[in-house]
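> the following comprises the amino acid sequence and a computationally predicted model.
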Amino acid sequence: MGEKPMTYKTIDEAVANLNSMIGMIPERYGAGVDKADWLTPASSDQAEANWGAAVRDAATKKKRQLAIKALSNEDWKKPAKEKGMARIGEGVRLGLDKYRANFGEIYSKVLADVQKLPPKTVDFRTNVQNRLLKTVESWKKHSGNL
């Protein structure tokens, strides 16, 4: 007796099946996220070693550069505009509380430092030295980058 040949879905059938599941995907995705432990494996020594090896390999083979050269500016611009323009405003709106929490304390400290700067002069070099550099140093210091 011969074995019955395997049958496969067409791409149109696969797309139709996926399309019929779209309504369930967000809830299932959320349930999966709730059960996931991303932090433990991602912060492991092995994960760090794997990441380092992959980065070194990619840099040695110039994978990033080769992938970029395989695209045109239009290949990047079209989806960036189509997807990005529709999402960016809502993404910023949803991030405002985090922005306030993370940036607000730094900003208030920099403003306090700026209030202590010497007055502006007509000499740009003096202003750069006494005001601009001190303002940049304040940003760096209060953001933990100095």
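Ah, there it is.

> and Asp45, how far from Thr7?
46 Å (CB to CB, to the nearest Å). Where C-beta positions appear, they are placed from N, C-alpha and C, glycine not excepted.

> try Arg131
75 Å.

> comparing these two, which residue is more hemmed in?
Neighbours around Arg131 and Thr7, counted as other CB atoms under 10 Å, are more numerous at Arg131. The numbers are 16 against 5.

> low-confidence stretches in the protein?
1 (pLDDT under 70).

> which strands and helices sit next to the longest helix along the chain?
In the chain, taking DSSP state H as the definition, the longest helix is helix 73-94. With contacts defined as 3 or more CB pairs under 8 Å, 6 or more residues apart in numbering; DSSP states H and E, helix 73-94 has no helix or strand neighbours.

> for this protein, which segments count as helices?
Under DSSP H, the chain gives helices at 11-21, 25-35, 39-42, 45-60, 63-69, 73-94, 96-115, 124-127, 133-142.

> could you dump these into a markdown table and include distance to Glu3 and mean neighbour count?
Converted to a markdown table, the helices of the chain look like this (distance: least, CB to CB, whole Å; neighbours: other CB atoms under 10 Å):
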| stretch | distance to Glu3 | mean neighbour count |
| --- | --- | --- |
| helix 11-21 | 23 | 10 |
| helix 25-35 | 35 | 9 |
| helix 39-42 | 41 | 9 |
| helix 45-60 | 41 | 10 |
| helix 63-69 | 42 | 11 |
| helix 73-94 | 44 | 10 |
| helix 96-115 | 58 | 12 |
| helix 124-127 | 84 | 12 |
| helix 133-142 | 70 | 14 |
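
> could you dump those helices into TSV with distance to Gly2 added?
Output for those, formatted as TSV (distance: least, CB to CB, whole Å):
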stretch	distance to Gly2
helix 11-21	25
helix 25-35	40
helix 39-42	46
helix 45-60	46
helix 63-69	46
helix 73-94	47
helix 96-115	63
helix 124-127	89
helix 133-142	75
